[in-house]
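> here you go, sequence then predicted model.
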Amino acid sequence: MAGSKIVGYLGPPGTYSQQAVTQHFGREEAPVNRYSFIPLQTIADCFSELKKGELSYAVVPFANSTNGAVKFTYDLLREADPRPSVIGRTDVPVAHYVLASETTIRKIKDHGEQIVRRVYSHPQVWTQCTKYLFEHFVDAEKIDRDSTALAAQQAATEDNAIAIASSAAADVIDVEVYETNVQDVEGNYTRFLVLEPYVDGQKRTELDRWVAEEIEK
Ligand SMILES: O=C(O)C(=O)C[C@]1(C(=O)O)C=C[C@@H](O)C=C1
């Protein structure tokens, strides 16, 4: 049954943000789920659609255990007027995978990792995989994409390119797994916030105040 409350997140399907949504709201396919999930292009879109009233909730990445603040979200929270209400928080384990097309993987096996010219990922990912990228793909160009799943889509269609993304991306995108668990730190996780539009006069919760303090540090 289609849900009546719409939840926006950084898409396409296969992002860590989607995992955060499922963790917080349950699986969309569940028969009693009252929520519909909408993948958006950027974190900024999550904020603007929430402000326009197109969403009941937005789920956004906030901080990572290895490299700290998700700058996009911090900036957007600082700029938002009024700041959305923070009604929930959920931590998602982040184990990064190296994904590539079948052709690229075959070429790596035949000729070595130096054939990889481009690595796609979300900017937040680079400093979560410093060691692996330095040891394996130091000469490849690191190219930002709006999300890890978008990076996986790109690598799926290009030769001599890989993406750093989630195992969930490999499940929903036509791409192969080249390596698993390439994050620097075992137990790497990202904290996500669940946002709701702020209603005039609404009392700020403790979680709200905690976030307000974090972004002003
Ligand atoms: O690109 C994704 O998959 C996201 O959900 C974004 C994001 C982030 O902005 O931190 C979420 C978790 C990981 O730290 C990497 C990327």
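In hand now; what should we look at?
> need the contact partners of the helix or strand residue 19 falls within.
Here residue 19, judged by DSSP states H and E, is contained in helix 16-25. Contacting residues not belonging to helix 16-25 are listed as 7, 9-11, 28, 33, 35, 37, 39, 57, 59-61, 88, 90, 92, 94, 147-149, 166, 168, 190, 192, 194 [CB atoms under 8 Å, 6 or more residues apart in numbering]. For every residue, glycine as well, the C-beta is placed using N, CA and C.
> what's the average pLDDT for that helix?
Helix 16-25 comes out with an average pLDDT of 97.
> one step back: out of the contacts of helix 16-25, which are close to the ligand?
Filtering the contacts of helix 16-25 for proximity to the ligand (criterion: CB under 6 Å from any ligand atom) leaves 10, 61, 94, 147, 148, 149, 190.
> which ones among these are found in strands?
With strands identified by DSSP state E, the entries of those that belong to them are 10, 61, 190.
> grab the nearest non-local neighbour of the second one.
Think residue 61. Sequence neighbours aside, residue 70 is the residue nearest to residue 61 in space, at 4.5 Å (criterion: CB to CB, 6 or more residues apart in numbering).
> what about residue 139, how many neighbours?
In terms of burial, residue 139 registers 8 neighbours under the definition other CB atoms under 10 Å.
> and it, what does it touch?
In this structure, residue 139 makes contact with residue 114, judged by CB under 8 Å, 6+ apart.
> tell me how far the ends of stretch 195-207 are from each other?
With CA to CA, to the nearest Å as the measure, stretch 195-207 spans 11 Å from end to end.
> let's have the chain start at 4 instead
Taking 4 as the first residue, the last one we looked at is stretch 198-210.
> contacts for it?
With CB under 8 Å, 6+ apart, stretch 198-210 has contacts from 49-50, 53-54, 56, 59-63, 85-92, 215.
> among these, name the buried ones.
The neighbour count (16 or more other CB atoms under 10 Å) marks 49-50, 53-54, 59-63, 86-89, 91 as buried among those.
> quick one: which of the residues you listed sit in helices?
Secondary structure assignment (DSSP state H) places 49, 50, 53, 54 from the buried ones among the contacts of stretch 198-210 within helices.
> with those in mind, which one is nearest to residue 176?
Using CB to CB, residue 49 comes nearest to residue 176 of those, at 21.0 Å.
> could you find the closest non-adjacent residue to the closest one?
Here the nearest residue to residue 49 in space, its sequence neighbours aside, is residue 61; by CB to CB, 6+ apart that works out to 4.0 Å.
> from residue 98, how far off is the one you found?
24 Å (CB to CB, to the nearest Å).
> coming back round to it: for the ones in strands among the ones next to the ligand among the contacts of helix 19-28, which one is nearest residue 219?
Once CB to CB is applied, the member of these that ends up nearest residue 219 is residue 64, at 18.8 Å.
> bridging residues for that closest one?
Using DSSP bridges, the beta-bridge partners of residue 64 come out as residue 195.
> quick one: it and residue 192 touch, right?
No. Counting by CB atoms under 8 Å, residue 64 stays clear of residue 192, with 10.7 Å between them.
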